[in-house]
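A.B. asks: below are the sequence and a predicted model; questions follow.
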Amino acid sequence: MALHLTGSNALLLLTPKTGSTWIRRKVKELGLAFTEVGDPAMREHDLLADFDRSRYGVIGAFVRDPLEWYRSYWSYRMEKGWRPQYPLDEHCESDDFETFVRRAVTTLPGALGNIYTSYVGAPDEEVDFVGRQENLQEDFARFLELAGEKFDRSVLAEGSRINATTIRPDYSEELKELITLSEWDTMRRFGYLAGRPDPIALAEIQERYPQDANDLRLLSLWTEKIHWAPDDKKRAAGRPVPADTRYARVHSNFALFAEHKKQDPEYAGGRFREALRLDPAHPRTLCNYALHVWQHENDTDRTRQLMLRALAVRPNHPYTLGKLARLTAQRNGDPELAEVFYRQSLAANEGQLDVRIEFANFLAGRGRTAEALVLLRPQAERAGADRLTLLTHASLLARAGRLEEARDFQRRAAGAAAAA
C-alpha cells in the first residue's frame, strides 16, 4: 500500500529498502492525516502505474544508492527468507553475498533501475519529488513541505533506525564495481556515480559511441563473467588476480569493439595501449595489439615483436601461435617456419577451426592437397559442420579432382547457409 496524505492530497510511493518502515512510523508520530491506498496484495509497495497521477497534487518516492540497496536486500532475505515470486529471488538466491551479486548483475543487469522506474517514473515522466534514503530525514521533510503539510521537524529527529538488518556482509571493491556497471544508468540518473571510480573509462567510451552505451556496459560485465571461474581458482590457490589485470581485459575488449564494430582504429589503439600499461604481459592483448599494428601501421617487425612477447609469457599460447603462423607465411616468406607454428597452435588447442581451415589452405597452396584434406576431413564430415568448413573442404576436393564429392559438400554448404 502507498500513503495518501489526505490533508495535502499528496501520494507517497514506498520503494522497497529505501526507509519505508521509518516513513510510515513518522507519518503516524507527526499526526498527519493519511490513508493507505492501493492493492493490499502489494503490501506497502504499490507501483506508480497503479495510480491515476492526475488525482494527486504531489507524488513522491525515494531511491537509495544501489551499492547499499543490494547489500540491504540480500541481508533482509537472509534474515526473512527468499521469495521466488520476485525475479531477484528466483534467479539470484544465494547464501553467499558474492554469488548473489554476480548472479544479479549478469542474469538481471539493471534490475534495480527497473524497480526504481516503476516507482519514480521514467526520466521524462518523473514524479514530482524523488528523495534519497541517505538523506531520509531531511528529504522526507522536504517532501512534506512541498506537499504543504504542517509538521514538527523535531519529531523526525527522534528515535533510531528501525527494520535494520543485523547481517552486514563484506563488500569488496570488485563487487562494488560490478554493481556500478550493472546499475550505471540508474546511478548516473540519481547522482550516485559521483565519487565512484571508473577504471575502465566506461563513461568515455559511452560518450564516444552513445548509441552503443548499453552494449558497452554489458560487454564489460560479460568480460568479468567469463573470467570468474579461472580467477576464483587462482584466488583459492593464493594467487589473486590483480585489479589492473581485470581492468586491462575490459580495455582490450573495448579496443576490439572500436576496431571491428566501429572501424575506429585510432581509438582502438589507445585502448590497447592502456590495457598493456595495466597488464604488460597479457598474451591475448599483446597478440590483438600486434594484429592492430599489422593492419593499421603495416609494421611487420613490430607486429612480430609483440607476438614474440606474448609467447615469451605463454610459449604454447594457441591464439598467438596461429596468428604468428599467418604473419610468417604472408610477410616473412618462411613457409617451413609458418608450418611449424600452425602445427604448434593446433597441438595446443586442436579445437581452433579457423586455424585448421587456414592451415589446410596453406598446405593446399603448397601443393599438398592430400594432407590438407586429411587435416580438415574430420570437421567437414561432422553433422552440423558450418558453411565455411564445408566450402573449404569442397574446394580442396575439387582441387584434388574429386568433383562429385566436391559437389556433395557444396550442396551441404548451401543447406547450412539456408539453415543459418
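C.D. replies: Thanks, I have the structure now.

A.B. asks: roughly how far is stretch 251-269 from the heart of the chain?
C.D. replies: 17 Å (Cα atoms, centre = their mean, to the nearest Å).

A.B. asks: show the average pLDDT along that stretch.
C.D. replies: Across stretch 251-269, the average pLDDT comes to 98.

A.B. asks: contact partners of that stretch?
C.D. replies: 200-201, 205, 208-209, 212, 216, 219-220, 223, 270-272, 274-275, 278, 282, 284-285, 288-289, 292, 295-296 (Cβ atoms under 8 Å, 6 or more residues apart in numbering). From N, CA and C alone the C-beta is placed, and that goes for glycine too.

A.B. asks: 7 Å instead?
C.D. replies: 200, 205, 208-209, 216, 219, 223, 271-272, 274-275, 278, 285, 288, 292, 296 (Cβ atoms under 7 Å, 6 or more residues apart in numbering).

A.B. asks: ends of it, what's the gap?
C.D. replies: 10 Å (Cα to Cα, to the nearest Å).

A.B. asks: can you list the buried residues in it?
C.D. replies: Residues of stretch 251-269 classed as buried by neighbour count (16 or more other Cβ atoms under 10 Å): 251-259, 264-265, 267-269.

A.B. asks: give me the domain ranges for this protein.
C.D. replies: Here the domain parsing of the chain from automatic domain parsing is 2-189, 351-420.

A.B. asks: closest one to Gly195 among the ones you listed?
C.D. replies: domain 2-189 (10.5 Å; Cβ to Cβ).

A.B. asks: start and end of that closest one, how far apart?
C.D. replies: 24 Å.

A.B. asks: how distant is it from the center of its chain?
C.D. replies: 25 Å.

A.B. asks: cool, stretch 278-294 as well?
C.D. replies: 22 Å.

A.B. asks: and it, what's its mean pLDDT?
C.D. replies: 97.

A.B. asks: just the buried members of the contacts of stretch 251-269?
C.D. replies: 200, 205, 208-209, 216, 219, 223, 271-272, 274-275, 278, 285, 288, 292.

A.B. asks: nearest to Ala338, of those residues?
C.D. replies: So of the buried ones among the contacts of stretch 251-269, ranked by how close each gets to Ala338 (Cβ to Cβ), first place is Asn288, at 19.9 Å.

A.B. asks: quick check: that closest one is in a strand.
C.D. replies: No: counting by DSSP: H, G, I helix; E, B strand; the rest coil, Asn288 falls outside a strand, being helix.

A.B. asks: that one and Glu259, how far apart?
C.D. replies: 9 Å (Cβ to Cβ, to the nearest Å).

A.B. asks: one more: Leu327?
C.D. replies: For Leu327 relative to Glu259 (Cβ to Cβ), the value is 18 Å.

A.B. asks: where does the stretch 51-200 of the chain dip in pLDDT?
C.D. replies: Applying pLDDT under 70 to the stretch 51-200 of the chain flags the ranges 160-164.

A.B. asks: quick one: the helices in the stretch 51-200 of the chain?
C.D. replies: Taking DSSP state H, counting those that start in this stretch, the helices of the stretch 51-200 of the chain run over residues 66-80, 87-92, 97-107, 111-120, 136-147, 153-156, 173-182, 184-189.

A.B. asks: now tabulate the ones you listed in a markdown table and tack on distance to Arg25 and mean neighbour count.
C.D. replies: Below are the helices of the stretch 51-200 of the chain laid out as a markdown table (distance: least, Cβ to Cβ, whole Å; neighbours: other Cβ atoms under 10 Å):
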| stretch | distance to Arg25 | mean neighbour count |
| --- | --- | --- |
| helix 66-80 | 17 | 19 |
| helix 87-92 | 26 | 17 |
| helix 97-107 | 28 | 19 |
| helix 111-120 | 20 | 21 |
| helix 136-147 | 11 | 18 |
| helix 153-156 | 10 | 12 |
| helix 173-182 | 29 | 20 |
| helix 184-189 | 27 | 20 |
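
A.B. asks: could you pull up the residues touching Val250?
C.D. replies: Val250 neighbours (Cβ under 7 Å, 6+ apart): Ile200, Ser220, Thr223.

A.B. asks: my read: the second one touches Leu202, true?
C.D. replies: Looking back up the chat, that one is Ser220. Yes: under the criterion of Cβ atoms under 7 Å, Ser220 makes contact with Leu202 at 6.2 Å.

A.B. asks: looking at these two, which is more packed in?
C.D. replies: Between Ser220 and Leu202, counted using other Cβ atoms under 10 Å, Ser220 has the larger neighbour count: 24 against 19.

A.B. asks: need the contact partners of the helix or strand that contains that one.
C.D. replies: According to DSSP states H and E, Ser220 maps onto helix 213-225. Here helix 213-225 makes contact (Cβ under 7 Å, 6+ apart) with 105-106, 109, 178, 181-182, 184, 200, 202, 205-206, 209, 246, 249-250, 253, 257.

A.B. asks: go again with 10 Å.
C.D. replies: With contacts defined as Cβ atoms under 10 Å, 6 or more residues apart in numbering, helix 213-225 is touched by 102, 105-106, 109-110, 174, 177-178, 180-185, 200, 202-203, 205-210, 212, 231, 246-247, 249-254, 256-258, 261.

A.B. asks: let me know the angle separating that helix from helix 173-182.
C.D. replies: 150 degrees (axes from the mean of the first three to the mean of the last three Cα atoms, to 10 degrees).

A.B. asks: and the angle for helix 213-225 with helix 97-107?
C.D. replies: 140 degrees.

A.B. asks: so how far is helix 213-225 off the chain centroid?
C.D. replies: Worked out by Cα atoms, centre = their mean, helix 213-225 lies 3 Å from the chain centre.

A.B. asks: buried stuff in stretch 4-20?
C.D. replies: 4-5, 8, 10-20.

A.B. asks: over to stretch 50-59?
C.D. replies: For stretch 50-59, using 16+ other Cβ under 10 Å, the buried residues are Phe51, Tyr56, Val58, Ile59.

A.B. asks: again with stretch 307-324
C.D. replies: Per 16+ other Cβ under 10 Å, stretch 307-324 contains these buried residues: 307, 309-311, 314, 317-324.
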